[in-house]
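Enquirer: Following is a predicted model, sequence given first.
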Amino acid sequence: MDIPALVQRIIYPLTDTPDRAWDAAGNSWVAGTILALNRLLGGTWTLSATPLVGPALVKVGIGFLFVLLSLLAYRRSRIASSAIFILAIFEVLIEVLFAVILNGIYSFNLLIVSVALVLAFGGFRGANAIFAHYRNSRS
């Protein structure tokens, strides 16, 4: 696969056929995995580095929620793809609000959640296209 096709598959995947829509829906579980690893590693680091147990356990809990949603998206769940997309939007908003606006820090974490948001958008688009293809094929 050449580089422009790969970039197009990640940023704005084609969904004109059911096979391409299934490929696009696969972006959703990748985004969920990225967000899960981000939260689990961040929560584990916070647990081991600071005495703040409450916020760290919340991060780990959200990480396990992303693991569950990622597994459901891998099993081709449209609801899980939608939930990952919505939660990825919230992750980016939280990162921009707390890191960039309040602290003035552009962290690597912002790049990670932004990539996950782009992948989640492609997965959401693919999951909805699959159901549109099946709905149109029945009538």
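Expert: Structure received. Residues are numbered from 1 along each chain as shown.

Enquirer: Next, find the distance separating residue 51 from residue 85.
Expert: When distance is defined by C-beta to C-beta, to the nearest Å, residue 51 is 35 Å away from residue 85. (C-beta placed from N, C-alpha, C; glycine too.)

Enquirer: Between the two, which has more neighbouring residues?
Expert: Neighbours per residue, other C-beta atoms under 10 Å: of residue 51 and residue 85, the larger number sits with residue 85, 23 against 7.

Enquirer: per-residue confidence for the residue nearest the centre of the chain?
Expert: For the chain, the residue lying nearest the average C-alpha position, counting by C-alpha atoms, centre = their mean, turns out to be residue 31 (3.1 Å). Each residue has a pLDDT score; the one for residue 31 is 94.

Enquirer: That one contacts residue 114, correct?
Expert: No: judged on C-beta atoms under 8 Å, residue 31 makes no contact with residue 114 at a distance of 10.8 Å.

Enquirer: By mean pLDDT, flag the weakest helix or strand of this structure.
Expert: For the chain, scoring each helix and strand by mean pLDDT, DSSP states H and E identifies helix 3-11 as the least confident one, at a mean of 77.

Enquirer: Point out the other helices and strands that it packs with.
Expert: Applying 3 or more C-beta pairs under 8 Å, 6 or more residues apart in numbering; DSSP states H and E, we find helix 3-11 packed against helix 18-49, helix 108-138.

Enquirer: let's see it at 7 Å
Expert: helix 108-138 (3 or more C-beta pairs under 7 Å, 6 or more residues apart in numbering; DSSP states H and E).

Enquirer: buried ones in the helix it packs on?
Expert: Under the neighbour-count criterion of 16 or more other C-beta atoms under 10 Å, helix 108-138 has 110, 112-113, 115-130, 133 buried.

Enquirer: pLDDT averaged over stretch 78-85 - what is it?
Expert: 94.

Enquirer: List the contacts of it.
Expert: For stretch 78-85, the surrounding residues in contact (C-beta atoms under 7 Å, 6 or more residues apart in numbering) are 25, 28, 31-32, 69, 72-73, 120-121, 123-124, 127, 131.

Enquirer: Output the below-cut-off pLDDT ranges for the protein.
Expert: 1, 139 (pLDDT under 70).

Enquirer: Phi, psi for residue 13 please.
Expert: The main-chain torsion angles of residue 13 are listed as degrees, to the nearest 10 and equal phi -70, psi 150.
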